[in-house]
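Visitor: Turn this into a model:
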Amino acid sequence: MPPLTGLRKTGSDEKEFVDEGLTPDTRFRLAAGEIEMKFYRIWALIERDMRKFFRNPALMMASMIFPLVQLVVLGYAFGGKITKVRVALVDKDTGTQARQVRAGLNAIVENPETFHLTEYADLPEAVTDLKAGFLKAVIFIPPDYSQRVLRNENPRIAFIEDNTDTFTSSGIFERMQQLQNSLNGPVLPPLESGESPAANLAGLFSPNRLPASIEIQTVEVYPYIDYIKYLLAGSISLSIFVTAMIGGGITFIDDKARGLHEGYLSTPLSKVDLVLGLIGSGALKGLMAGFIITVIGGLIAGIPQLWEPARLVYLVVVLAVTSLAMISMMFLLMVRVSDPLVPRAIFGVLNTLLFFPSGAVYPTAGFPVWLRAMSIVDPFTYVVDALKNLLLKDTGFAGIGLDLAILTSFSAVLITACILLFKRQI
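Guide: This next block holds a predicted model:
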């Protein structure tokens, strides 16, 4: 077959068009055919990747639903109105004026429901529970309150607040200021020059003509807390979660994809041995990461008395239980997964659904009902609460006991589920 006229062989073994012996129409048709061939090749690659994309529902869900989930969660996780926090009332007066204070507090309980009251007979007991994290504030009515009001001798109501959470304490104090204004009442102007005192005797001796004398005396339990200290507990929790996600989820799936998992299956190890060994190694990684972030973050944020032996022991216990809970959760999510893209696709979704509803950046008391329900089943919530109690408050085991019990039970349930679902086969 004679060679085509007008085509020339280049050094790169590709053919290019030259003007010799070819009409413009021929050159156009050859160029169009070459472009069409390249398009078919490119389209074959596009079609292959699109088929893989549609065959992976997890990747589709992550790419399409994650932005909407992030919008909803983040939109309602910040700046909400504080409601239904627990506040203690210690009433040592029980007089007429004290009953008016109670009536005002009960009105706040009913609407706008900023807090609900818990009666305490003793102020030291209430302050102890406040420091342990069971209360957000204590309202104390002294024994001589009613007498001081009637005598106009600067009556005071003590408002003792947990200032480690400035969002909650500010919301409660705003309602206390409103109560103070309602108790003092409006201050009437003095009598006019032509007004007879005898004609307005009742108004002359009305409490409304007295100056606004009732004072809300605020007592902060702790020194001023910077927001960076408030965020430290969430940062520690997040570091453990990332370690669990990478060391427990992504690494486990990658080992299965590379065939390294088969080496475990060729040994006489049982399912229990394999699950507990993999979870144990991941928990140790999380503990190391969490402890390093605790020390470095505590020094940066300026956490006082970080090196107290008892506090360090409690912190290590909380970090260990947290690491066990996080790695157990990730192992359960990945125990039947074989696609390496799945853990990477759901990483952002899990981060949003677990971190922000936990109260790490804004108190859960400001969440709507549905987001507050999510925080109850979120293990991050109990981790953040325990770490805040240890890092920001003067508390011991009483402030972390409930959180540790919940996280330990959570880990036990998840480990049991992992053992039942784990397949000792390729």
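Visitor: show me the contacts for the closest residue to Gly80 other than its chain neighbours.
Guide: Leaving out its chain neighbours, the residue that sits closest to Gly80 by C-beta to C-beta, 6 or more residues apart in numbering is Gly366, at 3.5 Å. C-betas here are computed from N, CA, C, even on glycine. With contact taken as C-beta atoms under 8 Å, 6 or more residues apart in numbering, Gly366 is in contact with 79-83, 167-168, 171.
Visitor: if you set the cut-off to 10 Å instead, what comes out?
Guide: Each residue near Gly366 by C-beta atoms under 10 Å, 6 or more residues apart in numbering is listed here: 76-83, 85, 167-168, 171, 359, 372.
Visitor: Would you map the strands across the chain?
Guide: 7-9, 15-17, 85-91, 115-119, 137-141, 156-161, 215-220 (DSSP state E).
Visitor: Can you tell me which of those strands is nearest to Lys423?
Guide: Evaluated with C-beta to C-beta, those place strand 85-91 nearest to Lys423, the distance being 46.2 Å.
Visitor: what mean pLDDT would you report for the closest one?
Guide: Confidence for strand 85-91, expressed as mean pLDDT, is 90.
Visitor: and it, what does it pack onto?
Guide: Counting by 3 or more C-beta pairs under 10 Å, 6 or more residues apart in numbering; DSSP states H and E, the packing neighbours recorded for strand 85-91 are helix 96-110, strand 115-119, helix 123-131, strand 137-141, strand 156-161, helix 166-184.
Visitor: distance between the first one and the chain's centre?
Guide: Here helix 96-110 shows a centroid-to-chain-centroid distance of 34 Å under the convention C-alpha atoms, centre = their mean, to the nearest Å.
Visitor: Check stretch 32-49 too.
Guide: 48 Å.
Visitor: Please apply the same query to stretch 388-408.
Guide: 17 Å.
Visitor: now the end-to-end length of it.
Guide: Its first and final residues considered, stretch 388-408 spans 18 Å by C-alpha to C-alpha, to the nearest Å.
Visitor: in it, what counts as buried?
Guide: Within stretch 388-408, the residues that qualify as buried by neighbour count (16 or more other C-beta atoms under 10 Å) are 388-393, 395, 399-400, 403-404, 406-407.
Visitor: Of those, which is the nearest to Val138?
Guide: Lys393 (14.3 Å).
Visitor: Poorly predicted segments of this protein, please.
Guide: Across the chain, the ranges flagged by pLDDT under 70 are 1-22, 28, 56-63, 185-212, 248-250, 252-268, 339-342, 344-345, 424-426.
Visitor: per-domain residue ranges of it.
Guide: 7-55, 85-220, 227-421 (automatic domain parsing).
Visitor: Nearest to Val69, out of those domains?
Guide: Val69 sits nearest to domain 227-421 of all the domains of the chain, at 6.0 Å, using C-beta to C-beta.
Visitor: re the thing from before, could you export the strands of the chain as JSON lines, including distance to Val72?
Guide: Formatted as JSON lines, the strands of the chain follow (distance: least, C-beta to C-beta, whole Å):
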{"stretch": "strand 7-9", "distance to Val72": "62"}
{"stretch": "strand 15-17", "distance to Val72": "56"}
{"stretch": "strand 85-91", "distance to Val72": "24"}
{"stretch": "strand 115-119", "distance to Val72": "27"}
{"stretch": "strand 137-141", "distance to Val72": "31"}
{"stretch": "strand 156-161", "distance to Val72": "32"}
{"stretch": "strand 215-220", "distance to Val72": "35"}
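Visitor: highest average neighbour count across these?
Guide: strand 137-141 (a mean of 24; mean count of other C-beta atoms under 10 Å).
Visitor: Which among the strands of the chain is found nearest to Leu30?
Guide: When those are ranked by proximity to Leu30, the top entry is strand 15-17, at 6.4 Å, counting by C-beta to C-beta.
Visitor: still on that earlier bit, the strands of the chain: which one's closest to Gly282?
Guide: Closest approach to Gly282 among the strands of the chain (C-beta to C-beta): strand 85-91, 35.8 Å.
Visitor: And that closest one, how far out from the chain middle?
Guide: Strand 85-91 sits 26 Å away from the centroid of its parent chain (C-alpha atoms, centre = their mean).
Visitor: returning to that earlier point: want to throw the helices and strands packed on strand 85-91 into JSON lines with distance to Leu421?
Guide: JSON lines is the format used below for the helices and strands packed on strand 85-91 (distance: least, C-beta to C-beta, whole Å):
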{"stretch": "helix 96-110", "distance to Leu421": "46"}
{"stretch": "strand 115-119", "distance to Leu421": "41"}
{"stretch": "helix 123-131", "distance to Leu421": "41"}
{"stretch": "strand 137-141", "distance to Leu421": "45"}
{"stretch": "strand 156-161", "distance to Leu421": "47"}
{"stretch": "helix 166-184", "distance to Leu421": "40"}
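Visitor: so which of these gets nearest Ala32?
Guide: Ala32 sits nearest to helix 166-184 of all those, at 66.6 Å, using C-beta to C-beta.
Visitor: List the buried residues in the closest one.
Guide: Of all the residues in helix 166-184, those buried under the rule 16+ other C-beta under 10 Å are 166-169, 171-173, 175-176, 179-180, 183-184.
Visitor: I'd guessed Leu232 sits against Val295; true?
Guide: No - between Leu232 and Val295 there is no contact under C-beta atoms under 10 Å: 11.1 Å.
Visitor: mind checking how far the residue most central in space within the chain is from Thr364?
Guide: The centroid of the chain falls nearest to Ser358 when counting by C-alpha atoms, centre = their mean (2.9 Å). Separation of Ser358 from Thr364 (C-beta to C-beta, to the nearest Å) stands at 8 Å.
Visitor: Give me the common contacts of these two.
Guide: Common neighbours of Ser358 and Thr364 (C-beta under 10 Å, 6+ apart) are 77, 374-375, 378, 381, 384-385.
Visitor: will you turn the buried residues of helix 166-184 into CSV that also has distance to Phe53?
Guide: Output for those, formatted as CSV (distance: C-beta to C-beta, whole Å):
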residue, distance to Phe53
Thr166, 46
Phe167, 42
Thr168, 45
Ser169, 49
Gly171, 46
Ile172, 51
Phe173, 53
Arg175, 53
Met176, 56
Leu179, 59
Gln180, 62
Leu183, 65
Asn184, 67
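Visitor: how about those residues, which pair is most distant?
Guide: For the buried residues of helix 166-184, and using C-beta to C-beta, no pair is farther apart than Phe167 and Asn184, which are 26.9 Å apart.
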